[in-house]
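1. fold the following and give me the result.
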Amino acid sequence: LVMVKPNLLVTYDPAHENSAKLEVEQLLKSVREKVTFLKSNEGVFNLRTKDSRKVVRKLTNLCEKYPYQFNKTFKYIPIDKWSKSSVKNMQRAVKSLAKDIKDKESWMMSVKKRSHRMSERSLILRLTEHVDKPKVDLFNPDKIIKVELIGKEAGFALLNDKEYLRTNKFKQ
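-> Numbers count the residues shown, from 1 in each chain. Presented below is the predicted three-dimensional model:
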């Protein structure tokens, strides 16, 4: 039996899980996209959709116009691949994503961990040492290596700014 892995993570306020789920459903309906809710962790919906990047681009455009439709949800993160959350497995995953960063492109790594004991800082150091790309930009990178650690699993994606929605960015 193959477990279906989520390819879209949505963070929300765990105190408002039901209204956050309703919000996600309404937002997706308004951009005409279908998703399946998989088993979720506290504060993170695990979703499966045909094209998570396309979904996030549509939602980003919606959020630019109507940021206050995003009240209970915070981040929409496509996931390309999963691995075990051991440092060795994660380094392998990061290395394979880094191949798709061109030398002239700037990049940064963003790590979010839940139920994992290694510190974020040492994790970033251990993972970035496997990215052999010269241009690091922590404020306006061309590519973001996104690492989402959830216990024994880690999700990875190589994203541009339009493929990673941070709703608070539009609420200023």
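
2. what segments of this protein are helices?
-> Here the chain has its helices, by DSSP state H, at 17-30, 52-65, 87-98, 120-128.

3. quick check, central residue of this protein?
-> Nearest to the centroid of the C-alpha atoms of the chain, with distances taken as C-alpha atoms, centre = their mean, sits Ile77, at 2.7 Å.

4. beta partners of the closest residue to that residue other than its chain neighbours?
-> In this structure, Ile77 finds its nearest non-sequential neighbour in Leu9, 4.5 Å apart by C-beta to C-beta, 6 or more residues apart in numbering. All C-beta atoms are positioned from the backbone trio N, CA, C, and that covers glycine. When bridges are assigned using DSSP bridges, the partners listed for Leu9 are Asn46, Ile77.

5. picking that back up, do I have it right that the residue nearest to the centre of the chain meets Val44?
-> No: counting by C-beta atoms under 8 Å, Ile77 sits too far from Val44 to count as a contact (9.1 Å).

6. and the helices of the chain as TSV, adding mean pLDDT and distance to Phe139?
-> Listed next are those as TSV, based on pLDDT from 0 to 100; distance: least, C-beta to C-beta, whole Å:
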stretch	mean pLDDT	distance to Phe139
helix 17-30	96	28
helix 52-65	95	18
helix 87-98	94	20
helix 120-128	87	16
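
7. nearest to Lys146 among those would be which one?
-> helix 87-98 (9.0 Å; C-beta to C-beta).

8. quick revisit: who touches both of Ile77 and Val44?
-> 9-11 (C-beta atoms under 8 Å, 6 or more residues apart in numbering).

9. buried only: go through the residues you listed for me.
-> Among the shared contacts of Ile77 and Val44, those scoring as buried are 9-11 (criterion: 16 or more other C-beta atoms under 10 Å).

10. any idea which of the residues you listed is closest to Leu28?
-> Nearest to Leu28 among the buried ones among the shared contacts of Ile77 and Val44, counting by C-beta to C-beta, is Val10 at 9.9 Å.

11. where in the protein is pLDDT low?
-> 1-3 (pLDDT under 70).

12. if you set the cut-off to 90 instead, what comes out?
-> Counting by pLDDT under 90, the chain contains low-confidence ranges at 1-5, 39-42, 85, 113-125, 129-130, 132-134, 150-152, 161-162, 169-172.

13. quick one on the thing from earlier: now do the contacts for the residue nearest to Ile77.
-> 44-47, 75-77, 79, 148, 155.

14. could you export the residues you listed as TSV, including distance to Glu33?
-> What follows is the contacts of Leu9, written out as TSV (distance: C-beta to C-beta, whole Å):
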residue	distance to Glu33
Val44	19
Phe45	14
Asn46	16
Leu47	10
Lys75	17
Tyr76	11
Ile77	15
Ile79	16
Glu148	20
Gly155	19
